[in-house]
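[1] Structure for the following, please:
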Amino acid sequence: MFRAFPLGLAVLFIGCAPAKMDPVDPLPFEPASPTAAPEPSKFGPFPVGVRTVVFEDTGRRKMDGSPRKLVTEIWYPAVQSTRGQPTVTYDILPVFTEAQQASIGVGTIPLLETAAVRDAEVARAHGPFPLIVFSHGQAAIRWQSTYYTVLLASHGYIVISTDHEGGTLYDVVRGELQSAVVGVQYRPDDVRYLLNRFTRLREDDPLYGMIDAERIGVTGHSFGALTSFRIAAMDSRVKVIVPQAPFDASVAWLGVPRPMIPIHVQASHEDQTLEWDTNVEPTMNEIRIAGQPWWLLDLVKGGHFTFSDLCAFDLAAISDRVMLDIPGANVKKVLEDGCGPTAPPASVAQPLINHFAVAFFNAQLRGSAASLDLMTQAKADELAGTSGVGVVTKGP
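    So this is what the prediction gives:
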């Protein structure tokens, strides 16, 4: 996927029934619906639960004969009594080998705090919910963008993200990172496998009956953006996509029919990993020529990793202590793409990213036509405030 394989820690109205304001487990306010358009950058009406499940795709076997493994994170709307319970944190240190951990030092890398509660009770009174698949970047990890996936779940979505085996940070640490060419082949099938599993859950699964198979979206960062383009072309169940910091979509669509669905692209003019002129601009031209419904968010001063939580770990600061072998990539330089002193802080960039992505999904998958009215340049300028972050929004 990448010219140099960097550490990518890599409107059509779709109708749905109005959200139920059930007297059982009452909500603080109505989630997005044909009659409601809540503020998309703020936490939604649901607390969030999270589970980790390991799937084995026995239909796809590796060279050693073992099935392809999909370690999958699931964020979902939880009951109101979940509020106030201890929340989940993610520690990236255990990803590294014992020797690397000793070199890095305990406490050097901060924990990633989230608002999700492990194994919380599902908000069954308010389902079923739309399903969104998040695909991580090359050499990344399934929980690389919790600022985004957890917020989506709070707005009434079931969000799933798997480690794409062979293309994760774990594989980088072990020196087993596969090429992007391999990823183009396997990643869409990972998403398809997840769609099949989650739309055919067994009765003993906590999410049984809670997924609306007619309302499915895919989103992803970097290589995950390419994955979202490609799976949308391969699987008609996908109704909408939000690719972030994408690779040239014409590559993703090689050999498959272009999907005629609404697309919201999020990118940055100053992305040094997947440059605007050779990736975003060709992508937008492809979309415009096809006449697809499209929206664009350009964080002008952002970078490639502005669209992830990875800046919070400050991995660039430890790159001198840990050898990460990614052919053709200056790891330290790559990690500073969007995490450096000139990039917008997460406190500014993440609400902008969330506002437009959540509003878009609310319009397309929850029938909230009024949410499209929130995707404006004026709102972008308001969220950017006096930060100096350049923001440009465009739409059909």
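
[2] What are the boundaries of the helices in the protein?
    For the chain, the helices defined by DSSP state H occupy 98-104, 146-154, 169-174, 180-198, 223-234, 249-252, 281-290, 331-335, 346-365, 377-384.

[3] Can you say which of the ones you listed is nearest to residue 86?
    The closest of the helices of the chain to residue 86 is helix 146-154. By C-beta to C-beta, the value is 14.8 Å. In this view, the C-beta of every residue, glycine as well, is placed from N, C-alpha and C.

[4] ok, and for that closest one, which residues are buried?
    146, 147, 148, 149, 150, 151, 152, 153, 154 (16 or more other C-beta atoms under 10 Å).

[5] Just want to check the distance between the nearest residue to the third one once chain neighbours are set aside and residue 292.
    The shortest distance from residue 148 to any residue other than its chain neighbours is 6.1 Å, reached at residue 354 (C-beta to C-beta, 6 or more residues apart in numbering). Per C-beta to C-beta, to the nearest Å, residue 354 is found 23 Å from residue 292.

[6] Compare neighbour counts for the two and give me the winner.
    residue 354 (20 against 16; other C-beta atoms under 10 Å).

[7] about what we covered before: might one say that the residue nearest to residue 148 is in contact with residue 149?
    No: in this structure residue 354 lies outside contact range of residue 149 using C-beta atoms under 8 Å: 10.3 Å.

[8] pLDDT-wise, which helix or strand of this protein ranks last?
    Lowest mean confidence among the helices and strands of the chain (mean pLDDT, DSSP states H and E): helix 331-335, at a mean of 65.

[9] still on that earlier bit, which among the buried residues of helix 146-154 gets closest to residue 274?
    Nearest to residue 274 among the buried residues of helix 146-154 is residue 148, at 18.3 Å by C-beta to C-beta.

[10] wait, that closest one sits on residue 350?
    Yes: here residue 148 reaches residue 350: they are 7.4 Å apart, a contact under C-beta under 8 Å.

[11] what residue ranges in the stretch 1-150 of the chain are flagged as low confidence?
    By pLDDT under 70, the low-scoring segments of the stretch 1-150 of the chain are 1-23.

[12] and with 90 instead?
    Applying pLDDT under 90 to the stretch 1-150 of the chain flags the ranges 1-24, 61-65, 96-110, 139.

[13] give the contact list for residue 245.
    Contact partners of residue 245, counting by C-beta atoms under 8 Å, 6 or more residues apart in numbering, are 137, 221-222, 225, 266-268, 271, 273-274, 304, 306-307.

[14] redo that, cut-off 10 Å
    8, 10, 137, 220-225, 265-268, 271, 273-274, 276, 279-280, 299, 302-308, 337-338 (C-beta atoms under 10 Å, 6 or more residues apart in numbering).

[15] how close does it get to residue 88?
    According to C-beta to C-beta, residue 245 and residue 88 sit 25 Å apart.

[16] again with residue 158
    16 Å.

[17] With residue 61 instead?
    32 Å.

[18] the more surrounded of the two?
    Using other C-beta under 10 Å as the criterion, residue 61 and residue 88 rank with residue 88 on top: 22 against 12.

[19] Just list the residues touching the more buried one, thanks.
    For residue 88, the contacting residues are 48-50, 52, 73, 75, 112-120, 143, 146, 150, by C-beta under 10 Å, 6+ apart.

[20] could you flag which of these are buried?
    Using 16+ other C-beta under 10 Å as the burial test, those include 48-50, 73, 75, 112, 114-117, 120, 143, 146, 150 as buried.

[21] of all those, which comes closest to residue 132?
    Nearest member of the buried ones among the contacts of residue 88 to residue 132, counting by C-beta to C-beta, is residue 75, at 9.3 Å.
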